[in-house]
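Peer 1: no FASTA, just this:
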Ligand code: ARG
């Protein structure tokens with residue numbers, strides 16, 4: 001495809017798929033102004049949004065530097081998604097300190113004392129390209145590096161556990177049955193090779209090489225290796241105490257940071273991630289709640305999605321992104337904002353959002 005054909009194609013997508021932020025912010029003159037090599041690089045970054053017109057974002061960075069190098073294209077998309085006006089400077093701040101603020105869901109309603117809570121951060125080490133541009137060897141090398149860090153982490157009783165690899169021939173390899181069991185229990189990530197967005201971006205390439213998961217003995221601290229970002233570090237608990245959940249993640253993250261090469265960061269965007277939707281604190285905090293009244297027993301999420309959006313929340317089905325509600329209207333709720341909000345603000349927004357949805361559910 002010539003540059004002009006590409007431009008025409010994106011113009012068509014802009015008309016047929018107005019939600020596609022890549023197409024919305026694609027600047028034809030900027031693209032024409034680039035040299036051949038830069039044009040090729042940018043094409044790879046936006047390929048997913050071109051091949052998948054229904055994309056919401058439609059781009060994945062291939063290298064941490066891409067966010068600076070292609071800022072004229074990516075910055076407007078990032079601002080649009082995260083709701084940051086053009087004149088406002090972006091400077092991601094971090095704050096994990098609760099300052100005594102208590103976010104225990106049981107205080108909303110005692111029925112909320114045993115929901116499934118989860119918080120994760122995305123991290124990429126600065127010594128490798130982002131997953132879309134990694135070679136098979138690099139994927140396996142990264143996994144080896146992570147496995148070494150886990151060997152050290154295991155020495156700490158609070159985080160002790162084991163590493164499970166799905167790389168064929170790995171010393172930590174698990175079999176297909178064990179992998180399926182871990183996917184069903186929402187611990188392990190799904191087979192990425194079935195995801196059209198990740199496939200076009202090259203992020204799922206070489207599946208399942210270099211992929212695996214660390215899991216603590218109590219199964220509430222997990223690290224994914226080789227998914228959409230190098231590492232997805234998460235805490236998972238049943239209960240209602242969001243403070244305890246965030247504290248668990250923070251501690252584990254600090255331990256890991258000391259055992260790995262520096263993570264890729266950007267002065268304005270904070271933690272650098274493959275997908276621009278995850279920039280910033282890189283935190284996704286969610287609850288699995290049953291909202292039968294708001295979802296017609298799980299049959300219809302449309303109304304709830306609208307109501308949640310007004311509260312700054314995103315709704316997913318219980319099976320993760322692009323899934324339907326589970327039995328009894330079980331849904332996944334999480335604050336949409338990632339960039340320009342601190343870790344603690346995200347915790348607070350999840351708590352307030354859960355309270356607001358619960359009030360509507362029980363009204
Ligand atoms: N590339 C997809 C899109 O643009 C996914 C975006 C957000 N999800 C994610 N897992 N990064 O719609």
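Peer 2: Structure received. Being a predicted model, the structure only gives us computed values, none of them experimental.
Peer 1: The closest residue to the ligand within the stretch 101-250 of the chain sits in which helix or strand?
Peer 2: Residue nearest to the ligand within the stretch 101-250 of the chain (CB to the nearest ligand atom): residue 197, separated by 3.8 Å. From N, CA and C alone the C-beta is placed, and that goes for glycine too. In this structure, residue 197 sits in helix 196-201 according to DSSP states H and E.
Peer 1: In contact with the closest residue to residue 182 other than its chain neighbours: list those residues for me.
Peer 2: Once flanking residues are discounted, residue 182 sits nearest to residue 188: 3.6 Å by CB to CB, 6 or more residues apart in numbering. Contact criterion CB atoms under 8 Å, 6 or more residues apart in numbering gives 164, 179, 182, 213, 224 as the residues in contact with residue 188.
Peer 1: swap in residue 173?
Peer 2: Residue 173 sits next to 165-167 when contact means CB under 8 Å, 6+ apart.
Peer 1: neighbours around the residue nearest to residue 21 when sequence neighbours are not counted, how many?
Peer 2: Leaving aside its sequence neighbours, residue 21 sits nearest to residue 77 (CB to CB, 6+ apart; 4.6 Å). As a burial measure, the neighbour count of residue 77 was computed by other CB atoms under 10 Å and equals 23.
Peer 1: Near the ligand, which residues of the stretch 101-250 of the chain? Just list them.
Peer 2: When proximity is defined as CB under 6 Å from any ligand atom, the stretch 101-250 of the chain approaches the ligand at 197, 228.
Peer 1: Which parts of the stretch 101-250 of the chain are helices?
Peer 2: Per DSSP state H, counting those that start in this stretch, the stretch 101-250 of the chain has helices spanning 136-153, 176-184, 196-201, 242-259. These are given in chain order.
Peer 1: residues making contact with the last one?
Peer 2: Identification of contacts with helix 242-259 by CB under 8 Å, 6+ apart yields 96, 98, 101-105, 117-121, 123, 148-149, 152-153, 156, 158-159, 216, 220-221, 223, 231, 233-235, 237, 239, 263, 285, 343-344, 347, 350-351.
Peer 1: Any of those residues buried? List them.
Peer 2: In terms of neighbour count (16 or more other CB atoms under 10 Å), the buried residues within the contacts of helix 242-259 are 96, 98, 103, 105, 117-121, 123, 149, 153, 159, 216, 220-221, 223, 231, 233-235, 237, 239, 263, 285, 343-344, 347, 350-351.
Peer 1: ok, residues contacting stretch 260-274?
Peer 2: The list of residues contacting stretch 260-274 from outside it, by CB under 8 Å, 6+ apart, reads 60-61, 64, 67-68, 78, 89-92, 94, 121-127, 130-132, 145-146, 149, 201, 203, 228-229, 231, 257, 279-282, 339.
Peer 1: Buried ones among these?
Peer 2: The neighbour-count test (16+ other CB under 10 Å) applied to the contacts of stretch 260-274 identifies 60-61, 64, 67, 78, 90, 92, 121-125, 130-132, 145-146, 149, 201, 203, 228-229, 231, 279-282, 339 as buried.
Peer 1: Derive a PyMOL selection command for the buried subset of the contacts of residue 188.
Peer 2: Command for PyMOL, covering only those of these found buried under the criterion 16+ other CB under 10 Å:
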select buried, resi 164+179+182+213+224
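Peer 1: how about the contacts of residue 188 in TSV, adding pLDDT?
Peer 2: Shown next, in TSV, are the contacts of residue 188 (pLDDT from 0 to 100):
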residue	pLDDT
164	98
179	98
182	96
213	98
224	98
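Peer 1: Among the contacts of residue 188, which pair sits farthest apart?
Peer 2: The two members of the contacts of residue 188 with the most space between them (CB to CB) are 179 and 224, at 12.9 Å.
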